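Novice: Sharing a sequence plus its predicted fold:
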Amino acid sequence: MAALRRLTMSQYKNTLADFVSFATGSATDSAAVMSELEAALERLPTDRREPTSEDLHGSYRRLDQSLQQLHVDAFYDLGVAAGAALTQAARLPAVVGSCGTDQDASNDAACVTEFVQRLGAHALRRPLDADEVAFYEGVYGASKAPDPAAFADVIGVLLNAPQLLYFVEHGATEVAGKSGVFEVSPYELASRLSYQLWQTAPDTELLSHAADGSLMDAQTYRAQVERLLGDVKARVALDEFFADFAKVEELPALDAKNADPVFKSFAGEQLPGPGLRQEMIDDVLGLFDYYTWTKRSSVATLLQTDASFARSPALAAIYGVPTWNGMSEPPQFSAGQRPGLLTRALFLSTGTPNTRPIMKGVFIRKYVLCDAIPPPPPGANAKPPELQPGMTTRETVEELTQMSGTVCAGCHAQLINALGFATEGFDALGRYRTEQKFFDPSGAAAGTKPVSTSGV
């Protein structure tokens, strides 16, 4: 049995916005309603990257399935607020239809039924059955006379329905030879496809292919996948995936140590401003976007490209290239100097004067190569090593973790360190280097030493 999955907060917000747009039928009215809901939307909890046994620091936000009282209260408040906003006198004719404001009592019951069926099918992502129609008609009340408050109640309950907040799947036909395993229904497939590629509910076209069953046809399905991927909403959805994969949230504040004399001397002319962190994130997301949408390419291209996607002068100066305008061919690094994804400043910057080869080695080993690393032994020091006078970061790490007889040597020498050492040709701001500079506590230069990036 498939788990009952909650919509992510991104998916919920998009679903709510699409529901409002469908209900009003007007881009202007839809924007006005969403503006009125801003305060309630801000009270929604944010999804977090959920820790797993393979990733204790947190993985993809879609894994966050917590449901706290904060969620329940926020969903309720948004349902009530959306119902009130959509049933204001000026919007009621568009949302309900002319029958909701005319003086003809003979069509009142049919008006409520049509309202429930039309908005209900969009909210629940499938047609309502007879019992569900009766339930929401009951929410409206015994009297079917036009009542904005009653219409608002129905909207509020629809927006809090489990079938909207969760992926509720019953399946269609049982799979032959697999007891208890069912094919998803056309409507369930439409929802899976839409939320995977758009992070929101199926649109009218996708639902129409579910209604006539044609979505189950391989050719129609492929055509719908291509259509969804051709929409800008697919880019937004994939950007969130790319951000989770690259763990962009783990990049620390880069200007926190600007007053520290050692960091100030280390950074020199590239002392970070408050926007540099986001510029490094945008650089990596730009790389993913370019090779996904503009020049569709392979994973090998991501790991080997010499193209720069730095749009800000500050990051371009760190890279030593012109800024990219986002439209023309991106500038190129010196051939072989900074190949691919893992040499981007996002993965190299630490917010300190020192690099973190152990952390980089773990990231590459676990999240790029998808290998497992045994947990550290009890009592292992999880803090970054302090540099020793006259020793490079690599030499310090080797002395602490690779000395013969230490319990750390097995994993660090064989699995972790060499991958991190391969990036020691870049400093802790992501600048290319061939030697490591040393500073005394006052920030005065205290010598240099060549760095080594070799490893097996």
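Specialist: Good, I have the coordinates.
Novice: Show me where the stretch 351-456 of the chain dips below the pLDDT cut-off.
Specialist: Counting by pLDDT under 70, the stretch 351-456 of the chain has low-confidence residues at 379, 381-382, 404-405.
Novice: Which residue ranges of it form helices?
Specialist: Under the criterion DSSP state H, counting those that start in this stretch, the stretch 351-456 of the chain contains helices at 357-363, 393-401, 409-411, 417-421.
Novice: in the second one, what counts as buried?
Specialist: When neighbours are counted by 16 or more other CB atoms under 10 Å, the buried residues of helix 393-401 are found to be Thr393, Arg394, Glu395, Thr396, Val397, Glu398, Leu400, Thr401. Using the backbone N, CA and C atoms, a C-beta is placed for each residue, glycine as well.
Novice: do you know which of the helices of the stretch 351-456 of the chain lies nearest Gly83?
Specialist: Closest to Gly83 of these is helix 357-363 (CB to CB; 46.4 Å).
Novice: Hmm, Leu415 is touching Ile373, no?
Specialist: Yes. Assessed by CB atoms under 8 Å, Leu415 is found in contact with Ile373 at 5.8 Å.
Novice: returning to that earlier point: show me the one of the helices of the stretch 351-456 of the chain that comes nearest Val95.
Specialist: Val95 lies closest, by CB to CB, to one member of those: helix 357-363, at 49.7 Å.
Novice: Could you give me the buried positions within the closest one?
Specialist: In helix 357-363, counting by 16+ other CB under 10 Å, buried: Pro357, Ile358, Lys360, Gly361, Val362, Phe363.
Novice: Equivalent analysis for stretch 51-64, please.
Specialist: Gly58, Ser59, Tyr60, Arg61, Arg62, Leu63, Asp64.
Novice: just stretch 401-420 next, same as before
Specialist: Within stretch 401-420, the residues scored as buried using 16+ other CB under 10 Å are Thr401, Gln402, Cys408, Cys411, His412, Ala413, Leu415, Ile416, Asn417, Ala418, Leu419, Gly420.
Novice: show me what contacts the closest residue to the first one other than its chain neighbours?
Specialist: Distance criterion CB to CB, 6 or more residues apart in numbering; nearest residue to Thr401, sequence neighbours excluded, is His412 at 3.9 Å. Under the criterion of CB atoms under 8 Å, 6 or more residues apart in numbering, the contact list for His412 reads Ile358, Val397, Thr401, Gln402.
Novice: just Trp198 next, same as before
Specialist: Under the criterion of CB under 8 Å, 6+ apart, the neighbours of Trp198 are Asn14, Leu228, Asp231, Lys233, Ala234, Ala237.
Novice: Let's see the pLDDT reported for the third one.
Specialist: On pLDDT, Asp231 comes in at 95.
Novice: try the second one
Specialist: What the model reports for Leu228 is a pLDDT of 97.
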